[in-house]
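Colleague: Sequence first, predicted model second:
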Amino acid sequence: MNKLSDCAEYVNNEGNYYVRIISERQEYEEVSEIAIQTPSNNGEEPFTDIFGLISIFTKFREIDNTCRFNIDSEIYFRENIERPLIFTNCVFNSPLFLNEIEFIKEVSFINVLFKKEVNFKKSKFNSALEIKNCKFINPLILYKVQFLQTFNFDNIILEEKASFKEAELNSIYFNELYFKNRVVFSYASFNDIENFNNVSFAGKAEFYQVKFNKVSKLSNVQFHKLVDFNNSEFNSDILFHRIDFLDRSYFSGSSFNKQVSFLHCRVNSDTVLDFESVAFKNSLDISRANFACITNFWNIKLEEKNVIPSNFNLYSNDDIIEDVQLQPNNNIRKETLQKIRESYRIIKNSLRESGNEINALKFKGYEMAVYEKELEKGEKGKTILFFSKWSNNHGLSWGRGVLFTLFFTTITLYLFMLFSNKMIIWDWSKEAREQTLGAFVQFLNITNWNFNPWGIDLKSDYPIGYMILFVGRIFIGYGYYQTVSAFRRFGKN
């Protein structure tokens, strides 16, 4: 047989398939178009011998390797497949149902147009699945599918809903994907992400309660509508790089158990980014996230021991680099610490804008703790930071402010008496204790400069004492200020 028409006549005479030549390749046509269906009931019966169908493709392509096949009958197959399964240059005009099948060898769909539903529900791929240069006009169902090897999803357009719900994705390569409608990944497990790049979600994207179990990087992804990461679990470092959050984006209740960075993202002014009750167990970096939108950081949780992370792999490199030698925090660069500190400052300001002064002060404390670490890399500002820490723990402890004030009052009084040059007689009588207590109270009263403790005229008889009092009251006044600053957290929210 050297003509497509002869091949079609031969196949039709066998009686297992009905083939129709739509067009043969001419000088002005790029491909030959062939339609194939089951022979009975005008093609209403489904194909049940999938490899018999592929063998027909092979016969025609031996004559003309440009053949494109229009598969007009439904494919319904429920037996395990132990041979490679490859479809190229096809149009599925009827549904494709390959449910609850175990695929032992690789599966490929390349240059395929799916006009009806495609359903792999509860199937298992032991080898690679490649879907490349394809378009789905109707839903794609991958519910509870197990991908034990690489799932290569490259240059794909999906017009309708796609469901990966409860799928197990051991290794994925997603590139140039356009989801025009709702897509569901809820309850799925991403065990490895080789590539998640140039993916656009035009409809709602659901990642509810998803587990990301290995180092992951999402890059150049557009979420045009609501995206839901609520209650998801990120068990390894994850980088959100050049992500467009253009509507509502929810991470509420999620847990980032390793490092997380949002880098060079894009938002609209009315974008909502909700991190309510998120646990960041190894800090976070949003220093260059560009979150100029509505943010909610209510009730987020940071592990106190990792406010300054134990290592800085992602935070130092701004990228996912596997097998890199981890940098312990005592060797970290100052620039990396500045990213962490800026992240805490952004959260602090967001909380203040929402009136949550209590938690804003907590993040101010985290900000200052990182700043202390920064100053260990230099020399400036250590004294100011030292007093801020010990006078009210960077605004977090009014009790420490009270103790700071009483401590410096005691020191000032002690030095005043120590250098009195015998103008004060040391005694333990009741009268002496009462006079000392009175002097202590007067030292606390920083507005009164006209008192004479123990009858001593400070300006004429004891100028050194006046100088001690002057210097001491600077610290006492600072203690008052720090106490009031920290106490404000209990009066605002």
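Modeller: Yep, that arrived. Numbers count the residues shown, from 1 in each chain.
Colleague: Tell me who's in contact with residue 129.
Modeller: 103, 106-108, 147, 149-152 (CB atoms under 8 Å, 6 or more residues apart in numbering). All C-beta atoms are positioned from the backbone trio N, CA, C, and that covers glycine.
Colleague: How about residue 319?
Modeller: When contacts are counted by CB under 8 Å, 6+ apart, residue 319 touches 217, 239.
Colleague: Give the closest residue to residue 132 in space, chain neighbours not counted.
Modeller: Spatial nearest neighbour of residue 132, chain neighbours left out: residue 154 (4.5 Å); criterion: CB to CB, 6 or more residues apart in numbering.
Colleague: now whatever helix or strand that neighbour lives in: mean pLDDT?
Modeller: In this assignment (DSSP states H and E), residue 154 forms part of strand 146-158. Here strand 146-158 scores 96 as its mean pLDDT.
Colleague: Check which residues of that strand are buried.
Modeller: 146-148, 150-158 (16 or more other CB atoms under 10 Å).
Colleague: Determine which two of those residues are furthest apart.
Modeller: 148 and 157 (26.5 Å; CB to CB).
Colleague: Can you give me the neighbour number for residue 188?
Modeller: 26 (other CB atoms under 10 Å).
Colleague: ranges for the helices of the chain?
Modeller: Secondary structure of the chain by DSSP state H: the helices cover 4-14, 50-63, 313-317, 334-353, 357-375, 382-392, 398-418, 430-444, 458-461, 463-487.
Colleague: Tell me which of these is the most buried.
Modeller: Of those, the one with the most neighbours on average (mean count of other CB atoms under 10 Å) is helix 313-317, at a mean of 21.
Colleague: Can you give the distance of it from its chain's centre?
Modeller: Helix 313-317 has its C-alpha centroid displaced from the chain centroid by 15 Å (CA atoms, centre = their mean, to the nearest Å).
Colleague: Could you give the average pLDDT over it?
Modeller: On average, helix 313-317 scores 90.
Colleague: Also stretch 120-140?
Modeller: Averaging the model's pLDDT scores along stretch 120-140 yields 97.
Colleague: low-scoring stretches of the stretch 301-450 of the chain, by residue?
Modeller: 322-331, 378-381, 421-422 (pLDDT under 70).
Colleague: Just the C-alpha atoms of the strand holding residue 154, please, in CSV.
Modeller: In CSV, the C-alpha atoms belonging to strand 146-158 read as follows (Å, rounded to 0.1, in the frame of the first residue of the first chain):
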residue,chain,number,x,y,z
GLN,A,146,0.0,8.8,41.8
PHE,A,147,2.9,10.2,39.8
LEU,A,148,5.9,8.1,41.0
GLN,A,149,8.3,9.5,38.4
THR,A,150,8.5,12.8,36.5
PHE,A,151,5.2,14.5,35.4
ASN,A,152,6.2,16.8,32.5
PHE,A,153,3.4,19.3,31.8
ASP,A,154,4.9,21.6,29.2
ASN,A,155,3.2,24.3,27.0
ILE,A,156,-0.4,23.5,27.9
ILE,A,157,-3.7,25.4,27.6
LEU,A,158,-6.6,24.3,29.7
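Colleague: Residue 224 versus residue 203, what's the distance?
Modeller: Distance of residue 203 to residue 224, computed by CB to CB, to the nearest Å: 8 Å.
Colleague: Also residue 208?
Modeller: 18 Å.
Colleague: ok, now residue 185?
Modeller: Between residue 185 and residue 224 the computed distance is 16 Å (CB to CB).
Colleague: Which one of those two is surrounded by more residues?
Modeller: Ranked by neighbour count (other CB under 10 Å), residue 185 and residue 224 place residue 185 first, with 24 against 17.
Colleague: What residues does residue 137 make contact with?
Modeller: 113-116, 159-160.
Colleague: Can I get those residues in CSV including distance to residue 338?
Modeller: Formatted as CSV, these follow (distance: CB to CB, whole Å):
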residue, distance to residue 338
113, 51
114, 50
115, 54
116, 55
159, 46
160, 46
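Colleague: For the residues you listed, which single residue is the most surrounded?
Modeller: residue 114 leads the contacts of residue 137 on contacts (other CB under 10 Å) with 25 neighbours.
Colleague: so what's that one up against?
Modeller: Residue 114 neighbours (CB under 8 Å, 6+ apart): 92, 96, 134-138, 140.
Colleague: isn't residue 302 right up against residue 366?
Modeller: Yes. If you go by CB atoms under 8 Å, residue 302 and residue 366 touch, sitting 6.8 Å apart.
Colleague: Would you mind giving the domain segments of this protein?
Modeller: For the chain, automatic domain parsing gives the domain ranges 1-73, 97-372, 398-490.
Colleague: Dump those to CSV, plus distance to residue 88.
Modeller: Converted to CSV, the domains of the chain look like this (distance: least, CB to CB, whole Å):
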stretch, distance to residue 88
domain 1-73, 8
domain 97-372, 5
domain 398-490, 66
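Colleague: so which of those comes closest to residue 85?
Modeller: Nearest of the domains of the chain (CB to CB): domain 97-372, 4.6 Å.
Colleague: how far does that closest one stretch from start to finish?
Modeller: Length of domain 97-372, first residue to last, CA to CA, to the nearest Å: 62 Å.
Colleague: Can you add distance to residue 248 and give the contacts of residue 114 back as JSON lines?
Modeller: Listed next are the contacts of residue 114 as JSON lines, based on distance: CB to CB, whole Å:
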{"residue": "92", "distance to residue 248": "35"}
{"residue": "96", "distance to residue 248": "34"}
{"residue": "134", "distance to residue 248": "30"}
{"residue": "135", "distance to residue 248": "28"}
{"residue": "136", "distance to residue 248": "26"}
{"residue": "137", "distance to residue 248": "28"}
{"residue": "138", "distance to residue 248": "27"}
{"residue": "140", "distance to residue 248": "25"}
